[in-house]
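have a look; sequence and predicted model below, questions after that.
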Amino acid sequence: MKQGLQGYPRVPAQQRAVDVDVARERDVALPGARGEHTHCERPIPEPRAVVQRSSVRGQILDALRTALVAGELKPGEVYSAPVLGERFGVSATPVREAMQQLALEGAVEVVPNRGFRVVERGARELAELAEVRALIEVPVMLRLARAVPAERWAELRPLAEATVRAASSGCVATYAESDRAFHRAVLSLSGNEQLVRLAEDLHRRSQWPLVGGPVRHGRAQLVADAAEHTALLDALISRDLEVVRALVGEHFASMS
């Protein structure tokens, strides 16, 4: 498989063809995305093509998120959809749509007639995100620690171990994904989907790179962070509430 942005996979040729065909049939660019006039929307293409095109857009969004966390998309830099499309082997349309989603999430901002600028973030914003996450997640975890049976917590062991393996690899993007998966699984036990979505959004934002460096964590820090996951799970299984309280407090404090 051909490689796109710094080793990320390019979209297969078959899907590229679908993407190009759909792009010709329907202009779906959002206003202000590139400083161009939008055209009247034409008839919706075949459902099969829409599904495949959505898949391409999703792949590009995942790849851009990975590039952002890994520091391949640098804070303050402007990236155009056509140039990124060339790197990924697709047209500019799915890249532009993926970037619009990142703009909604606050990761990038639209620069008319040029593209998208990666938002510059400092340590203060990171500390604020950690504080908000703690306000939301700590009380929920303590409540769940009292109510969820040990066997349910034990089911999360593979996810905790996955964070340890990801940390050991030293790959920040891989660790970020496994870290979110573990926290998402813990909070999902609350049964509150809105809480899970909100916490996931805050978590993702806390993983974006800071100004002055491509990544925030080195391998040793990732390993230490992952070790807190397994220790927390052990405390949850044994229902040691004091240890749970201390671990979750330390976990979020280390993020600020």
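Yes, it's here.

hey, where'd the strands end up in the stretch 1-150 of the chain?
Taking DSSP state E, counting those that start in this stretch, the strands of the stretch 1-150 of the chain run over residues 78-79, 108-111, 115-118.

winner for burial among the ones you listed?
strand 115-118 (a mean of 22; mean count of other CB atoms under 10 Å). No exception for glycine: its C-beta is placed from N, CA and C like everyone else's.

residues in contact with that one?
With contact meaning CB atoms under 8 Å, 6 or more residues apart in numbering, strand 115-118 is reached by 34, 68, 73-81, 83, 99, 102-103, 107-111.

pLDDT of stretch 116-131, averaged?
For stretch 116-131, the mean per-residue pLDDT is 91.

ends of that stretch, how far apart?
Terminal residues of stretch 116-131 lie 28 Å apart, using CA to CA, to the nearest Å.

pull the distance from it to the chain's centre.
Put simply, stretch 116-131 sits 14 Å off its chain's centre (CA atoms, centre = their mean, to the nearest Å).

for it, buried residues please.
Buried residues in stretch 116-131, counted by 16 or more other CB atoms under 10 Å: 116, 117, 118, 119, 121, 125, 126, 129, 130.

which two among the residues you listed are spaced furthest apart?
Farthest-apart pair in the buried residues of stretch 116-131 is 116 and 130; separation 26.1 Å (CB to CB).

what about this structure, any weak spots by pLDDT?
1-54, 212-217, 256 (pLDDT under 70).

domain parsing for it?
Dividing the chain into domains by automatic domain parsing, as the record does, gives the ranges 5-118, 123-253.

OK, contacts around residue 143?
Listed by CB under 8 Å, 6+ apart, the contact partners of residue 143 are residue 190.

now it: how far from residue 248?
12 Å (CB to CB, to the nearest Å).

before we move on, what about residue 158?
21 Å.

between the two, which one's more packed in?
Using other CB atoms under 10 Å, the more surrounded residue of residue 158 and residue 248 is residue 248, with 23 against 10.

and that one, what element?
Using DSSP states H and E, residue 248 maps to helix 241-253.

could you dump the buried residues of stretch 116-131 to JSON lines with distance to residue 177?
Listed next are the buried residues of stretch 116-131 as JSON lines, based on distance: CB to CB, whole Å:
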{"residue": "116", "distance to residue 177": "22"}
{"residue": "117", "distance to residue 177": "24"}
{"residue": "118", "distance to residue 177": "19"}
{"residue": "119", "distance to residue 177": "20"}
{"residue": "121", "distance to residue 177": "20"}
{"residue": "125", "distance to residue 177": "21"}
{"residue": "126", "distance to residue 177": "19"}
{"residue": "129", "distance to residue 177": "18"}
{"residue": "130", "distance to residue 177": "19"}
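
list the contacts for the most centrally placed residue in the chain?
Nearest to the mean C-alpha position of the chain, counting by CA atoms, centre = their mean, stands residue 204 at 4.8 Å. When contacts are counted by CB under 8 Å, 6+ apart, residue 204 touches 65, 105, 180.

so which of the strands of the stretch 1-150 of the chain comes closest to residue 187?
Among those, the nearest to residue 187 by CB to CB is strand 108-111 (26.4 Å).
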